[in-house]
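Chemist: give me a 3D structure for the following:
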Amino acid sequence: MLTAGQAHNLRAAPHLLEGLKCRHVVADRGYDANALLDLIRASGAKAHIAQPASA
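Modeler: Got it, this is the predicted structure:
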C-alpha cells in the first residue's frame, strides 16, 4: 500500500490490519494512537508499541 508522502502512515494502518489474523502487532511509536490500539485489541491481538520518548 502506498500513501502520499505528506500523509501519516497511521491513516493507512487500519486498512493494513483489516482481516489480519494474528495474536500480536508490533509497531514503532509513530503508531501509538488510542484508535489504533482499540482496533488491535478489538481484533483479539495484543499491541506492542514503543512509548514516546516523553512518556
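Chemist: for the chain, which helix is longest?
Modeler: The residue-count maximum for a helix in the chain (DSSP state H) belongs to helix 34-42.
Chemist: what packs against that one?
Modeler: Helix 34-42 sits against helix 13-17, strand 46-49, with contacts defined as 3 or more CB pairs under 8 Å, 6 or more residues apart in numbering; DSSP states H and E. For every residue, glycine as well, the C-beta is placed using N, CA and C.
Chemist: of all these, which lies closest to residue 39?
Modeler: Comparison of these against residue 39 by CB to CB identifies helix 13-17 as nearest, at 5.8 Å.
Chemist: average pLDDT for the closest one, rounded please.
Modeler: Per-region confidence: helix 13-17 scores 88 on mean pLDDT.
Chemist: gap between that helix and the chain center?
Modeler: Offset of helix 13-17 from its chain centre (CA atoms, centre = their mean, to the nearest Å): 7 Å.
Chemist: next one: stretch 45-55
Modeler: With CA atoms, centre = their mean, you get 10 Å for stretch 45-55.
Chemist: report the backbone C-alpha coordinates of that stretch in CSV.
Modeler: Written as CSV, here are the backbone C-alpha positions of stretch 45-55 (Å, rounded to 0.1, in the frame of the first residue of the first chain):
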residue,chain,number,x,y,z
ALA,A,45,-4.5,-9.2,19.3
LYS,A,46,-2.1,-7.6,21.8
ALA,A,47,-0.3,-4.4,20.8
HIS,A,48,3.4,-4.0,21.3
ILE,A,49,4.1,-0.3,20.5
ALA,A,50,7.0,1.6,22.0
GLN,A,51,6.1,4.5,24.2
PRO,A,52,7.0,8.1,23.0
ALA,A,53,10.3,9.3,24.4
SER,A,54,8.5,11.9,26.6
ALA,A,55,6.4,9.2,28.3
